[in-house]
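Asker: Could you work out the structure for the sequence below:
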Amino acid sequence: MNAFEVLGPILVLWALLVAFLGITRENFPGSQTTERLVGAISVLLVVLAIGAAIYTATHEEKKGEASLLSLPA
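Answerer: Residues are numbered from 1 along each chain as shown. Reported below is the predicted structural model:
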């Protein structure tokens with residue numbers, strides 16, 4: 001399991017929660033402070049998920065590569 005497999009679903013759940021609250025509550029997020037907090041959390045989760053996806057793509061071994069490299073000569 002890698003970081004993207006954790007952060008991706010967390011981002012999805014956050015987006016669904018924000019959408020649900022925005023649809024069901026007329027005054028969501030309510031105050032300027034809450035609005036900034038929701039925005040900051042959203043940006044942070046997006047940046048972390050994208051960063052984790054990039055890191056995973058560049059550092060994860062492809063299946064089958066490790067077994068070919070580890071064969072004795």
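
Asker: how about L21, phi and psi?
Answerer: Phi and psi for L21, reported as degrees, to the nearest 10, are phi -60, psi -40.

Asker: do the same with S31
Answerer: The phi/psi pair for S31 (degrees, to the nearest 10) is phi -140, psi 170.

Asker: neighbours of it, just the number please.
Answerer: S31 has 9 neighbouring residues, counting by other CB atoms under 10 Å. The way it works is simple: take the backbone N, C-alpha and C, and place the C-beta from them, glycine included.

Asker: ok, it to V38 distance?
Answerer: Noted for S31: a distance of 10 Å to V38, by CB to CB, to the nearest Å.

Asker: Could you do E26 as well?
Answerer: Applying CB to CB to E26 and V38 gives a distance of 16 Å.

Asker: Looking at those two, which one has more neighbours?
Answerer: Neighbours were counted for E26 and for V38 using other CB under 10 Å; V38 has more, 18 against 6.

Asker: so what does the host helix or strand of L16 touch, helix or strand wise?
Answerer: In this structure, L16 is located in helix 3-24 according to DSSP states H and E. Here helix 3-24 touches helix 32-59, going by 3 or more CB pairs under 8 Å, 6 or more residues apart in numbering; DSSP states H and E.

Asker: buried residues in the helix it packs on?
Answerer: Neighbour-count burial for helix 32-59, counted by 16 or more other CB atoms under 10 Å, picks out V38, L45, L48, A49, A52, A53.

Asker: quick one: pLDDT of the third one?
Answerer: Pointing back at L48 there. Reported pLDDT at L48 in the predicted model: 96.

Asker: who's in contact with it?
Answerer: By CB atoms under 8 Å, 6 or more residues apart in numbering, the contact list for L48 reads A3, L7.

Asker: ok, and the closest non-adjacent residue to I10?
Answerer: Leaving out its chain neighbours, the residue that sits closest to I10 by CB to CB, 6 or more residues apart in numbering is L45, at 6.5 Å.
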